[in-house]
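# Below are the sequence and a predicted model for it; my questions follow.
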Amino acid sequence: MSFGDNPDNPFRNFRFPAREPGAVGPRKIGALPLTVIILTVLAVILVSLSGFYADFLWFRSVDYSNVWTTLLTTRITLFLIFGFLTSLIITANIYIAYKKRPIYVPLTVEADNLERYRAQLEPLRKVGLIGVAIALFYFAGMAGTRLWESWLLYTNATPFGVNDPQFDRDISFFMFTLPFWQSIVGWAISTLILATIAAVAVHYVYGGIRPQVRDDRTTVAARVQLSVLLGFIVAAKSVAYWLDRYALATSDEGLITGLTYTDVNAVLPAKAILTGIAALCSLLFFANIFRRSWVLPAAGVVLLGVSSFLISGVYPSLIQQFQVKPSESSKEAPFIQRNIENTRAAYGLDQVEVVDYSAVVDTSAGQLSKDAATISNIRLMDPNVLSATFRQLQQIKPYYTFNESLDIDRYTVDGNTRDMVVAVREINIDGNPNRNWINDHLVYTHGFGFVGAYGNTQDVDGKPIFTVGDIPPKGELGDFQPRIYFGENNPEYSIIGGTTDGEAVEFDYPDDASPNGQKNYTYTGKGGVPMGSIFSRLLFAIKYQEQRILLSNLINAESKIIFDRVPRERVAKVAPWLKLDGDPYPSIVDGRVVWIIDGYTTSSGYPYSRTVDVSGATTDALNINTNPLTAVPNSTINYIRNSVKATVDAYDGTVTLYAWDEKDPVLASWMKAFPDVVKKKSEMSEALVSHVRYPEDLFRVQRDVLSLYHVKNANAFYGGQDFWRVPRDPSSLGANAGAQPPYFYTLQLPGEKKASFSLTTPFVPRGGRENLSAFAVVNSDPGPDYGKFTVLQLQRSTNVAGPSQVASNFEANPTVALSLSLLRQGGSDVVLGNLLTLPVGGGLLYVQPVYVRATANAAAYPLLQKVLVSFGEKIGFDDTLKGALDQVFGGNSGTTTVTPSTGGTGTSTDSNSDLANALASAQQALADAQAALAKGDFAAYGKAQDRLKAAIQAAVSAQGR
């Protein structure tokens with residue numbers, strides 16, 4: 001007999017009142033709204049499926065279908081497992097609670113109220129249970145797919161071969177195994193809690209739980225079910241306590257990352273004790289299956305709570321306060337030492353060479369005679385200033401553009417390796433005055449050309465001396481494919497490769513010799529997704545919601561569509577497990593323009609290693625308004641390796657990954673998960689290797705860590721008196737300017753046999769002082785010394801000015817201040833370039849280029865006009881670097897502008913080009929002088945005469961060479 005048939009049930013004969021004639025019933029949905037709803041749902045599904053299939057076609061076009069398949073199968077598997085188990089556990093408990101509902105419920109006021117709810121729920125019960133099951137399946141499955149990285153690392157874990165000092169477990173346990181099991185335990189606890197809540201709710205509604213009754217407030221079925229659920233929850237918590245012991249190795253809650261004295265002597269034993277108490281408590285819940293009282297389980301829960309408070313909270317606090325605090329430095333010394341050693345290893349800083357550098361501050365004639373390799377390579381062309389100059393001199397047409405920040409690379413010209421400022425000329429459809437869909441997506445499809453300029457010299461007007469440029473490209477870097485279909489500034493998609501009656505459709509480059517003033521082109525590369533079929537055109541018409549893709553007669557059987565064209569985005573799709581550097585740079589490699597991107601493997605599970613906030617560590621004055629290392633925004637790590645060098649072909653979009661750090665266990669694990677995706681380092685061509693640089697974002701993270709962890713002694717580290725920081729960038733304006741960015745340039749360190757292309761940064765003391773503490777250099781030349789980290793540590797007794805102090809000294813110098821003030825007048829603005837630090841002459845030399853830009857002319861661009869130099873207390877300020885150096889070093893710095901065998905030059909290697917530039921400048925200066933004289937403007941006449949004199953001297957020098 002069911003509850004509804006019970007003769008004592010007061011609601012047995014209850015009926016809802018019949019609807020009176022004429023009463024308005026529920027409104028039915030009309031045909032039109034229903035049709036709109038159905039079409040909307042179908043449209044959403046269709047758009048989603050179009051994007052899904054287009055994604056597959058993209059992966060197939062770049063020959064990485066296996067990545068797409070692995071990701072899809074892994075996510076589907078996790079979705080099904082977590083969705084099914086979560087839904088099964090919770091809905092099964094709901095069903096069991098309903099099936100085991102009592103036949104008879106004691107009559108009370110509360111029971112009467114619940115009966116009304118039961119009556120309302122009954123018609124919806126089955127549908128509601130199915131809906132809950134589906135909802136749980138979907139949301140739990142989606143949450144489970146987020147564990148794809150953890151799952152793949154766990155199932156493909158590679159040992160590090162190094163054990164941690166506390167638990168004697170391989171590092172891979174903390175990196176791969178522990179995070180996965182913590183996720184599983186967390187999922188189990190949350191699922192069981194939800195199942196318990198659902199069971200309690202059902203039992204309460206259907207009378208299995210009766211709080212208003214004095215005796216037997218739960219039925220036997222309710223007690224058994226809840227006891228089992230609570231027992232499993234506490235058992236899972238017991239496992240969580242045990243795993244928490246290992247998690248202390250990466251905890252940031254103490255003085256350092258990892259276990260401290262209190263953790264080892266109080267928290268660690270407490271976690272073990274709580275594990276046992278929780279296990280015992282779970283047994284009490286299971287024993288309650290056979291008992292009729294909640295006393296023992298309740299006592300167990302109270303015991304667990306009190307023990308957690310006393311053993312895990314109060315006891316460690318007492319140990320910390322009364323044992324550790326009075327002698328913290330000695331108590332924590334062994335654990336600080338662990339932290340120092342593991343942090344340096346995790347960030348690749350364990351091989352850093354710290355050299356004491358006794359910097360002198362006095363100057364004398366000829367002091368730089370032994371530093372020709374460094375002085376001749378001083379980079380006066382600032383890539384962060386010259387973008388406007390490149391645009392005005394090399395943009396050619398408004399529908400081309402260059403990035404706001406250019407790049408530094410090196411090329412061999414006439415047998416000498418030269419630092420160069422480089423960029424690619426990319427398409428900019430916003431600059432096209434005739435914007436329409438055809439022009440945006442079928443005509444203006446690609447950029448054209450590669451532009452490079454010497455980094456250490458300029459012409460007599462202060463312009464860069466270009467080694468390659470113009471359209472079509474001309475220069476000293478050989479022949480290469482100049483078309484840029486894949487870059488950092490592209491239309492969302494372009495349709496390429498098609499022709500109209502055999503005629504090329506794509507605009508290639510402006511050409512005055514052609515009848516229509518331009519050359520057209522038809523793409524012949526292998527990149528892109530074919531879209532000659534009606535199905536493909538329909539697919540992308542839906543994806544981009546553009547019917548013209550389906551209707552245009554300019555799209556034919558040979559057409560392809562290219563999308564997801566930004567190099568970083570392409571690499572991120574092919575290798576979603578990599579974190580990517582924020583600054584891809586273009587290079588000419590084997591006759592192709594390729595983008596080179598540095599890929600990192602990272603983790604937050606390296607034991608005893610300091611945790612670093614990536615966004616904070618990689619942000620400086622250069623990228624403070626952008627998002628560096630965007631693949632890991634707002635994330636923290638404590639392990640990083642530059643494990644992969646990736647390239648993206650600018651013409652056909654080919655993505656290639658090379659294993660740069662083949663000893664990295666994290667990379668090895670990912671290579672097991674994604675076989676045949678990363679190529680061996682030995683497969684890199686010599687031309688590609690010659691353009692490899694040390695990654696900037698990795699260096700930013702490392703210098704942030706090194707500012708503390710150059711201190712190797714635990715007691716000194718605890719004192720913190722010798723900590724450093726990166727100085728504020730003096731080239732930036734405002735009090736909120738970011739840290740000085742690292743700089744690439746070629747230099748020869750004291751004691752080294754040759755100059756090398758390097759990445760550098762200065763350090764100043766942590767606190768308010770701005771004097772220089774150290775200068776860090778990492779070798780960026782491929783070879784056995786690549787990645788060699790050298791730190792020149794200055795004597796604490798010597799006061800050498802830091803970058804901010806040098807910048808202040810420049811502005812305070814009467815001669816410099818007056819000159820800069822005059823340059824800033826008359827419609828001009830002064831732009832200060834990068835302030836470079838160079839360890840030469842037994843001390844530290846600072847060099848800063850000074851650019852002048854007209855403010856009244858929108859087309860104006862910065863030109864190098866002056867050079868600032870500082871050594872010790874001396875300051876030089878002249879039109880040329882040599883002149884400024886001679887002012888500082890007694891009239892003769894001991895340097896010349898000849899080309900050393902190790903690299904650059906202070907003048908152009910092409911003497912004919914120098915002579916032509918000098919003569920052109922002389923001719924312009926003469927014309928300006930005559931015009932000024934005709935106007936009676938003697939000030940302008942004098943300046944023109946000075947320019948004429950300088951141009952004549954440059955022409956004589958070039959003629960002599």
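Sure thing, it's come through. Numbering: from 1, shown residues only.
# show me where the stretch 501-650 of the chain has strands.
503-504, 506-510, 518-521, 529-530, 560-563, 579-580, 585-589, 592-603, 612-613, 636-637, 639-649 (DSSP state E, counting those that start in this stretch).
# So what are the sheet partners of the second one and their directions?
The reference is to strand 506-510. strand 518-521 (antiparallel) (DSSP bridges).
# now the strand it pairs with, how far from the centre of its chain.
38 Å (CA atoms, centre = their mean, to the nearest Å).
# buried residues in that strand?
By neighbour count on 16 or more other CB atoms under 10 Å, the buried set for strand 518-521 is 519-521. All C-beta atoms are positioned from the backbone trio N, CA, C, and that covers glycine.
# okay, that strand in PDB with CA atoms only?
Taking Å, rounded to 0.1, in the frame of the first residue of the first chain, the C-alpha atoms of strand 518-521 are listed here in PDB:
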ATOM      1  CA  GLN A 518      50.800  47.200 -59.700                       C
ATOM      2  CA  LYS A 519      51.800  43.600 -59.900                       C
ATOM      3  CA  ASN A 520      49.300  40.900 -59.200                       C
ATOM      4  CA  TYR A 521      50.000  37.400 -57.900                       C
END
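# which residues touch that strand?
Contacting residues not belonging to strand 518-521 are listed as 483, 503-511 [CB atoms under 8 Å, 6 or more residues apart in numbering].
# Let's see the PyMOL selection covering just the buried ones among the residues you listed.
Restricted to buried positions by 16+ other CB under 10 Å, the PyMOL selection for the contacts of strand 518-521 reads:
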select buried, resi 483+505+506+507+508+509
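# pLDDT-wise, what's the bottom of the contacts of strand 518-521?
Among the contacts of strand 518-521, E503 carries the lowest pLDDT, at 84.
# if we can go back for a sec, comparing the strands of the stretch 501-650 of the chain by mean pLDDT, which bottoms out?
Going by mean pLDDT, the lowest-scoring of those is strand 503-504, which has a mean of 86.
# And that one, what does it pack against?
strand 518-521 (3 or more CB pairs under 8 Å, 6 or more residues apart in numbering; DSSP states H and E).
# any idea which element Y658 lies in?
strand 655-659 (DSSP states H and E).
# who touches that strand?
By CB under 8 Å, 6+ apart, strand 655-659 touches 62, 64, 570-571, 574-575, 599, 643-648, 667, 671, 677-681, 683-684.
# and after that strand, which helix or strand comes next?
Taking DSSP H and E, what comes next after strand 655-659 is helix 665-673.
# chain center to the helix or strand encompassing L226, what's the gap?
Assigned by DSSP H and E, L226 falls within helix 220-247. Computed by CA atoms, centre = their mean, the separation of helix 220-247 from the middle of its chain amounts to 40 Å.
# Flag every buried residue along it.
For helix 220-247, by 16+ other CB under 10 Å, it's 221-247.
# coming back round to it: check the buried residues of strand 518-521 against Q337 and report the nearest one.
If you rank the buried residues of strand 518-521 by distance to Q337 using CB to CB, Y521 comes first, at 63.5 Å.
# Excluding chain neighbours, what is closest to G517?
Excluding the flanking residues, the one nearest G517 by CB to CB, 6 or more residues apart in numbering is P510, at 6.3 Å.
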